[in-house]
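**Student:** sequence first, then the predicted structure, then my questions.
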Amino acid sequence: MAARTFRARGVAIDLDGTLLDTVADLTAAVNAMLADFGQPALPESTVRSYVGKGARILVHRALSGSLDGRVDDATAGRGMQSFERHYERENGRSATLFPNVVEGLATMHAKGLRLACVTNKPQAFAHTLLARTGLAAQFEFVIGGDVLPRGKPDPMQLHHACELLGLGPSQMVAIGDSLNDAQAARAAGMPVMIVPYGYNEGLPVSTIDADAVVADLLEAATCIEAG
């Protein structure tokens, strides 16, 4: 899909799969959780396909061994406690920046764009990850998945970002890597660009209803005109 030009004053950017490749950290935490339950470890490729709808869904998928699988509430609760305990240790340990993230963010700042990080990752983990990878100062604020009653694909987080920035959805652009991100942006009335290298539950980004697919954040930045 050819990239188009967007006019905006602010940008809402997803975290895992868009800014950072965190699947190694997530895999380590998931497999430590599975060990607590006496279950075998999963390959990184499987965990990658399970990422995209937040930590709780990841726990359900890992414990059930299926993309659509769910475990009972009590098991999920114990799973979340285990996963969060292990992820606190692993968070940011092996995470790496995707290509041209720093350059893309710098270009957006140079254009005077205001940046927010909007993620389904729990707030505390998101802050820690951004700090450990040197990205914290790039954003005015972070809205994690446990800050509001609903996360993506619900538009609540993006609407809240608009409120904090004092901008309307039409003055913003969302950038993400998954159907979750695109659906949230669509529901918020916000144009959305998708990068092709992240976590879209194993599906190609061509299946996503987005306004543009861009190679990376630098290309995304070149597609935005400030105003």
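**Tutor:** Noted; the coordinates are in hand. As the structure is a prediction and not an experimental result, all values here were calculated from the model. Residues are numbered from 1 along each chain as shown.
**Student:** make it CA atoms for all contacts and neighbour counts henceforth
**Tutor:** Fine.
**Student:** just checking, residue 20 touches residue 94?
**Tutor:** No: with contact defined as CA atoms under 8 Å, residue 20 and residue 94 do not form a contacting pair (10.1 Å).
**Student:** the two: which is more packed in?
**Tutor:** For residue 20 and residue 94, the more surrounded residue by other CA atoms under 10 Å is residue 20, and the numbers stand at 21 against 14.
**Student:** any idea how far the more buried one lies from residue 26?
**Tutor:** 12 Å (CA to CA, to the nearest Å).
**Student:** again with residue 11
**Tutor:** Here the criterion is CA to CA. By it, residue 11 lies 26 Å from residue 26.
**Student:** just residue 59 next, same as before
**Tutor:** Distance from residue 59 to residue 26, counting by CA to CA: 10 Å.
**Student:** of the two, which one has the most company?
**Tutor:** Using other CA under 10 Å as the criterion, residue 59 and residue 26 rank with residue 59 on top: 28 against 25.
**Student:** so the more buried one touches residue 78, yeah?
**Tutor:** No: the pair residue 59 / residue 78 is not scored as a contact, 9.7 Å apart, by CA under 8 Å.
**Student:** tell me the domain ranges of the chain?
**Tutor:** 6-22+95-226, 23-90 (automatic domain parsing).
**Student:** how about those in CSV, adding mean pLDDT?
**Tutor:** Output for the domains of the chain, formatted as CSV (pLDDT from 0 to 100):
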stretch, mean pLDDT
domain 6-22+95-226, 96
domain 23-90, 96
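**Student:** residues contacting stretch 213-225, please?
**Tutor:** The contact list for stretch 213-225 (CA atoms under 8 Å, 6 or more residues apart in numbering) reads 1-8, 99-101, 103-105, 107-108, 111, 175, 193-196, 205.
**Student:** which of these count as buried?
**Tutor:** Burial by neighbour count, 16 or more other CA atoms under 10 Å: within the contacts of stretch 213-225 this picks out 6, 8, 101, 104-105, 107-108, 111, 175, 193-196, 205.
**Student:** so which of those residues comes closest to residue 163?
**Tutor:** Closest approach to residue 163 among the buried ones among the contacts of stretch 213-225 (CA to CA): residue 8, at 15.1 Å.
**Student:** give me the distance from stretch 203-219 to the chain's centre.
**Tutor:** 14 Å (CA atoms, centre = their mean, to the nearest Å).
**Student:** using CSV, write down the CA coordinates of that stretch.
**Tutor:** The C-alpha trace of stretch 203-219 is given here as CSV (Å, rounded to 0.1, in the frame of the first residue of the first chain):
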residue,chain,number,x,y,z
LEU,A,203,-1.3,-12.5,9.9
PRO,A,204,0.1,-10.3,7.1
VAL,A,205,-0.4,-6.6,7.5
SER,A,206,-2.2,-6.6,4.1
THR,A,207,-5.2,-7.9,6.0
ILE,A,208,-5.4,-4.8,8.1
ASP,A,209,-7.8,-1.9,7.3
ALA,A,210,-5.2,0.9,7.5
ASP,A,211,-4.7,4.2,5.7
ALA,A,212,-1.1,3.3,4.9
VAL,A,213,1.6,0.7,5.4
VAL,A,214,5.0,2.2,6.0
ALA,A,215,8.4,0.5,6.1
ASP,A,216,9.3,2.0,9.5
LEU,A,217,8.9,5.1,11.7
LEU,A,218,11.2,7.2,9.5
GLU,A,219,8.9,6.7,6.5
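**Student:** max pairwise distance over the buried ones among the contacts of stretch 213-225: which two?
**Tutor:** Top of the distance list for the buried ones among the contacts of stretch 213-225 (CA to CA): 111 and 205, 27.4 Å.
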